[in-house]
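S.K.: Generate coordinates for the sequence data below:
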Amino acid sequence: MAIKIFTVFSFLFTLFGFFYFMNTPEPEDFIVPAKTRITILAGQSTSDAGVEDMIKEKLSQEFPDIEVEWESVPWDDFTSAMQAKIASGEDPDLMIGKALDVYTYQPRGDLMPLPLVVTKQIQPEGLKAVEIQGEYYGAPYNLMYHGVFYNRDIFERYNIKIPETIEEMHQTVKKLEAVGITPFAVHTQENWAIINLFMQFATNCIFVDDPVWGDKFRNGEESFSSSKKAQNCIFEVAYVLNHSWSDAASLRQYECDQRFANGKAAMYITGSWSLQTIAAVQPTMRVGIFPYPNSSGTAKLIMEPNLTFMKNARSKNSELVDQMLSSIFSDETLAEDIYHFTKSVPLRKGISALPQQGMENDILLYKKRKQVIDATISNRQLLWPYQNKLAEKINLWTVGKLSFSNILQYADEQRMKSGRLLK
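M.R.: Now for the predicted structure:
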C-alpha cells in the first residue's frame, strides 16, 4: 500500500515539474526587481572623512540587497545641503551631523524619534544632548572635547601654570611673548573656526551661568548691544587673533594643526578633531587641555556629541533605517575602528575611552571636579545657521571691513532666527 502511494506521488511530482519548467520564462525574460535604496547625507567634521567607508562596508555585508547612496559634505555645508534636498523633495532617509543639528531640524518636523533598540546602546551623557520632550531624535556615536590644547613641554619649560581667570590668561600670553613664543595657534580661513572661538567663550562666559540666555535674547530681555558678556566674547576673539601668527587669516585647519604639533605655538583653542593630525605629525607630543577661562574662574571643559545619526520623519524606509542603525551601533569592532581613526571618545556602551594624546588625566580631573559642560546647552540656544552668519560678521570686523556696532546691530536684528523658544 505504501509503495502504491509513493508511486502515485512520484508521478504527480514529475507531472508538476514538467508543466512548471514548460511555463518558466528563460533567464532573459526575468524582470529584476529594483533594489531598495537608502539615501544618507553626512556632514563631516574634519576628522570624519573616511568613516563613511567603514560604515558602508558594514552595511554592504549586513544588507547586501540594499543600495546605499551616501553623500558627504563638510559639516558647515550640511545645513544648506539639507535645505536644498528638502526643497527638491529628495531629503535623505538618514542624516549624520552633530547633536546640535537635532535642535535645527526637530522643531521643523524633519526628524523621527529613534527606537529603544538603538538608543539603549548609547551612554546617557550622549542621549541628554538629543532629548526633546522625552524622545530621542538622534543617536550620538562619539564625542569631542573643546578647550585650550596646550604644549606641556612649553608650559613646563617656562614654569607656566594653567590660567583659571581671564586675567591670568592674559598674563600667560605676556609671559610667552616675552620669551619669543607665539601664544595661540589660530586659523580663520574657514568661517566655522571664528564661531568656534566665540561659542567656546560664550559657553563659559554666558551659558554656564544662564542656560536660557538664548530664550531671553529672543524675548527681548537680553541683547548683544546691552550685554557686556556677549560683547567681551567677541572682543576675546580679536584678542586671540592678535596674539597669533600674522598669517592666521589665510590658514586652514590642517596647516594650523601641523604648526601646533611642531611647537610653533603654545596653545590652540580647538577640539578633539585636531588630534588626528597632531598624532600623525608628532605621535609622542604631550598635549594638555583646559577650558578658556572666564572672569570668575568658573569655566568648564566643553564636551560635544559629534557623529549623530538622525532619521528623516518622511522616510519611507523607517523600519529598515532602524535595523541599519541597530547594526551599526551593535558592532563593537566597527566602533573601535571608528574611535581609533577619529581620535574621539566613545558614546557607545561597552567601549573603553581611548588615549587622547596625553589629555586623559586632564579630562578625568575636570570630570571629577564636575567642571564639564555640554556644548549642546549653548548650541541649542544659538543654532548653527545663526552662528554661521554671525561668524561672517565677526570675521569682517577682525579684518577692518565692518564696525563693531554693525555686528551688534546684526546680531540683535536677527534674534528670531537664532533658535526657538524652549518649552
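
S.K.: Contact partners for the residue nearest to Glu392 when sequence neighbours are not counted?
M.R.: Spatial nearest neighbour of Glu392, excluding adjacent residues (CB to CB, 6 or more residues apart in numbering): Asn191 at 6.2 Å. In this view, the C-beta of every residue, glycine as well, is placed from N, C-alpha and C. Contacts for Asn191 (CB atoms under 8 Å, 6 or more residues apart in numbering) come out as Asp76, Asn388, Ala391, Glu392, Asn395.

S.K.: leaving aside the residues next to it on the chain, what's closest to the last one?
M.R.: Distances taken as CB to CB, 6+ apart place Ile194 nearest to Asn395, at 5.1 Å, with adjacent residues excluded.

S.K.: Distance-wise, check the one you found relative to Glu69.
M.R.: Distance of Ile194 to Glu69, given as CB to CB, to the nearest Å: 33 Å.

S.K.: For those two, indicate the residue with more neighbours.
M.R.: Ile194 (27 against 11; other CB atoms under 10 Å).

S.K.: show me what contacts that one?
M.R.: Thr188, Val237, Ala391, Ile394, Asn395, Thr398.

S.K.: And Gly214, by the same measure?
M.R.: Gly214 neighbours (CB under 8 Å, 6+ apart): Ser378, Arg380, Gln381, Leu382, Ser418, Gly419.

S.K.: doesn't Gln414 make contact with the fourth one?
M.R.: Just to be clear, that refers to Leu382. No: Leu382 lies out of contact with Gln414 (CB atoms under 8 Å); the separation is 10.6 Å.

S.K.: So which of those two has more stuff around it?
M.R.: Neighbours per residue (other CB under 10 Å) separate Leu382 from Gln414, with Leu382 holding more: 25 against 14.

S.K.: confidence score at the residue nearest the centre of the chain?
M.R.: Nearest to the mean C-alpha position of the chain, counting by CA atoms, centre = their mean, stands Asn306 at 2.9 Å. Asn306 is assigned 92 on the pLDDT scale.

S.K.: just to revisit the earlier point, the contacts of Ile194 in strands, which ones?
M.R.: With strands defined by DSSP state E, no entry of the contacts of Ile194 lies inside them.

S.K.: Out of the contacts of Asn191, which comes closest to Lys229?
M.R.: Each of the contacts of Asn191 was checked against Lys229 using CB to CB; the closest is Ala391, at 18.3 Å.

S.K.: Please report the number of neighbouring residues for that closest one.
M.R.: Neighbour number of Ala391 under other CB under 10 Å is 23.

S.K.: Which residues are in contact with it?
M.R.: So Ala391 contacts Asn191, Trp192, Ile194, Ile195, Phe198 (CB under 8 Å, 6+ apart).

S.K.: What are the neighbouring residues in contact with Gln189?
M.R.: Counted by CB under 8 Å, 6+ apart, Gln189 has contacts Ala249, Ser250, Leu251, Arg252.

S.K.: let's see it at 6 Å
M.R.: Ser250, Leu251, Arg252 (CB atoms under 6 Å, 6 or more residues apart in numbering).

S.K.: Give me the pLDDT value at it.
M.R.: 90.

S.K.: and what of the one 4 residues further on?
M.R.: Looking at Ala193, its pLDDT reads 94.

S.K.: Likewise for Ala34?
M.R.: So, for Ala34, pLDDT stands at 52.

S.K.: picking that back up, out of the contacts of Ala391, which are inside helices?
M.R.: Judged by DSSP state H, the contacts of Ala391 include Asn191, Trp192, Ile194, Ile195, Phe198 as members of helices.

S.K.: and the residues you listed as a markdown table, adding distance to Trp273?
M.R.: Listed next are these as a markdown table, based on distance: CB to CB, whole Å:
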| residue | distance to Trp273 |
| --- | --- |
| Asn191 | 16 |
| Trp192 | 11 |
| Ile194 | 16 |
| Ile195 | 15 |
| Phe198 | 17 |
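
S.K.: any idea which of those is closest to Tyr339?
M.R.: Nearest to Tyr339 among the ones in helices among the contacts of Ala391, with distances taken as CB to CB, is Trp192, at 23.0 Å.

S.K.: Tell me where the stretch 101-250 of the chain has helices.
M.R.: In the stretch 101-250 of the chain, helices defined by DSSP state H, counting those that start in this stretch lie at 102-105, 116-119, 124-127, 152-157, 166-178, 191-202, 213-219, 228-242, listed in chain order.

S.K.: Pipe those into CSV and attach distance to Ala280 per row.
M.R.: Output for those, formatted as CSV (distance: least, CB to CB, whole Å):
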stretch, distance to Ala280
helix 102-105, 31
helix 116-119, 32
helix 124-127, 27
helix 152-157, 19
helix 166-178, 26
helix 191-202, 20
helix 213-219, 38
helix 228-242, 25
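
S.K.: what angle sits between the helix or strand harbouring Met303 and helix 191-202?
M.R.: According to DSSP states H and E, Met303 maps onto strand 301-305. Here strand 301-305 runs at an angle of 130 degrees relative to helix 191-202 (axes from the mean of the first three to the mean of the last three CA atoms, to 10 degrees).

S.K.: In the record's domain split, what are the boundaries for the protein?
M.R.: 36-143+305-357, 145-304+362-417 (automatic domain parsing).

S.K.: Comparing those domains by mean pLDDT, which bottoms out?
M.R.: Taking the mean pLDDT of the domains of the chain, domain 36-143+305-357 comes last: a mean of 92.

S.K.: who's in contact with stretch 121-131?
M.R.: Contacts for stretch 121-131 (CB under 6 Å, 6+ apart): 99, 102, 136-138, 140, 305, 329, 347-349, 374, 376.

S.K.: May I ask which of those has the most neighbours?
M.R.: Highest count within the contacts of stretch 121-131 by other CB under 10 Å belongs to Gly138, 34 neighbours.

S.K.: Is that residue in contact with Asp101, as I believe?
M.R.: No: contact criterion CB atoms under 6 Å: Gly138 and Asp101 do not qualify, at 7.5 Å.
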